[in-house]
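Colleague: Structure, please.
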Amino acid sequence: MKTAIVADDEPNLARHLCEQLATVAPEIEVLAVANNGIDALAAIARHAPDVAFLDIRMPGLDGLAVARSVPDRTRVVF
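Modeller: Residues are numbered from 1 along each chain as shown. The predicted structure follows:
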């Protein structure tokens, strides 16, 4: 099973993405949902997901800054 985190400061959009992933890619387990860049980095460090779904514009750190800090083992999707 693949693992992922979702980071979006819009709760409805984060929830929608999680629902869509469950429908089209049930093999992906969402381990955490973060509502800002700082929490996204912490979730990535804690869970070491295969994929990080990042919003580009988030408070704290934007998605681009988070992506620059993500370890190579985690793929990033904007």
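
Colleague: And the strands in the chain, which stretches?
Modeller: Applying DSSP state E to the chain gives strands spanning 2-7, 28-34, 51-54, 75-77.

Colleague: Ok, which of these comes nearest Arg15?
Modeller: strand 28-34 (8.0 Å; CB to CB). (Glycine included, C-beta is placed from N, CA and C.)

Colleague: Show me which residues of that closest one are buried.
Modeller: Within strand 28-34, the residues scored as buried using 16 or more other CB atoms under 10 Å are Ile28, Val30, Leu31, Ala32, Val33, Ala34.

Colleague: Isn't Ala42 up against Ala34?
Modeller: Yes. At 7.5 Å, Ala42 and Ala34 qualify as touching, with contact defined as CB atoms under 8 Å.

Colleague: got the contact list for the nearest residue to Gly37 once chain neighbours are set aside?
Modeller: Closest residue in space to Gly37, ignoring its immediate chain neighbours: Leu61 at 2.8 Å, by CB to CB, 6 or more residues apart in numbering. Contacts for Leu61 were tallied using CB atoms under 8 Å, 6 or more residues apart in numbering; they are Asn36, Gly37, Ile38, Ala40, Leu41.

Colleague: Including neighbour count, could those residues go into CSV?
Modeller: What follows is the contacts of Leu61, written out as CSV (neighbours: other CB atoms under 10 Å):
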residue, neighbour count
Asn36, 18
Gly37, 24
Ile38, 16
Ala40, 31
Leu41, 20
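
Colleague: Just give me the closest of those to Cys18.
Modeller: Ala40 (14.4 Å).

Colleague: If we ignore the residues flanking it in sequence, what's nearest the closest one?
Modeller: Nearest residue to Ala40, sequence neighbours excluded (CB to CB, 6+ apart): Ala7, at 3.6 Å.

Colleague: Same check on Thr3?
Modeller: Using CB to CB, 6+ apart, the closest residue to Thr3 is Pro49 (4.5 Å).
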